[in-house]
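[1] Have a look at this prediction, sequence included:
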Amino acid sequence: MRVLALLPLLLGVSARADAPLDDLLQRLGEAEERKLAVPACRTVESSVTEELDKEGKVTGRLTRSYEVTRSGTTVVARKRLSQKEEGDLTSQLKAEPKDPPKDEDDKARLSPFHPRARADYRFDSAPGPSEGLLTVKFAPVKADKKRMKGQAVVDARAGKVMTLRMSPSDMPPMLDELQMDFLAYAETPCEQQPTRMKIVGSGGVLLYKVRFRTEVTVTGHQKVDAPDPVTGAR
């Protein structure tokens with residue numbers, strides 16, 4: 001794995017007091033490589049999306065679940081299992097999830113800690129929020145709508161991300177706010193994976209604004225064979 005040659009900061013306050021930050025980044029990158037080396041992973045994603053008025057009152061709610069199969073960073077199959085609508089929701093929030101095209105360059109979808117992405121980011125770290133944990137901040141060298149900035153709380157001894165908060169480093173058009181919190185991770189048959197997420201956002205034009213929040217839980221991780229690149233069959 002490439003070492004961050006532009007990072008002379010020896011801030012690796014890990015279980016080994018003399019370990020530099022780039023050593024911790026390397027271990028985090030290796031964990032990302034192991035995760036993406038899984039041929040494919042099938043999960044059940046359950047979400048609750050709420051639309052909010054300007055005072056923060058819930059005006060509508062959408063509850064749904066999908067069986068999702070991912071190979072690397074690509075969604076290769078998505079099947080809706082359930083859906084329930086309550087109240088009033090704008091059409092944008094009711095739309096089916098839009099997965100990136102399968103032939104799109106996946107580099108922008110990689111974790112900032114992945115070896116292929118690390119050179120595009122700046123990193124810094126600080127002790128805490130509690131003993132044995134580090135807060136690792138990251139931002140792309142050049143702001144980009146597809147690349148995130150944020151921070152991760154890391155178990156320094158194990159070299160594992162515990163929580164992650166991020167938002168676009170350059171906010172896309174029509175969006176005023178978009179923040180994603182990965183609140184929990186677990187060891188699964190598909191390596192360490194996020195199991196609970198929260199997304200908060202708002203956007204629109206002029207007087208027409210949409211405010212929403214979404215909570216997602218991911219369960220039932222199964223390692224499956226990679227799909228055939230031509231037929232999609234497994």
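    Received the coordinates, thanks.
[2] where does this structure dip in pLDDT?
    1-19, 205-207, 227-234 (pLDDT under 70).
[3] Longest strand in it, please.
    Ranked by residue count under DSSP state E, the longest strand found in the chain is strand 208-224.
[4] Return the list of strands paired to it, each annotated with direction.
    strand 40-52 (antiparallel), strand 191-205 (antiparallel) (DSSP bridges).
[5] Do I have it right that Thr217 meets Arg196?
    Yes. The pair Thr217 / Arg196 is scored as a contact, 5.4 Å apart, by C-beta atoms under 8 Å. Quick note: C-beta positions are derived from backbone N, CA and C, even for glycine.
[6] Contacts only, for Gly220.
    With contacts defined as C-beta atoms under 8 Å, 6 or more residues apart in numbering, Gly220 is in contact with Arg42, Thr43, Val44.
[7] can you list those in a markdown table and add distance to Arg122 and neighbour count?
    Converted to a markdown table, the contacts of Gly220 look like this (distance: C-beta to C-beta, whole Å; neighbours: other C-beta atoms under 10 Å):
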| residue | distance to Arg122 | neighbour count |
| --- | --- | --- |
| Arg42 | 35 | 19 |
| Thr43 | 32 | 20 |
| Val44 | 36 | 16 |
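[8] would you turn the residues you listed into JSON lines with distance to Lys84?
    Formatted as JSON lines, the contacts of Gly220 follow (distance: C-beta to C-beta, whole Å):
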{"residue": "Arg42", "distance to Lys84": "23"}
{"residue": "Thr43", "distance to Lys84": "20"}
{"residue": "Val44", "distance to Lys84": "16"}
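[9] Understood, closing this out.
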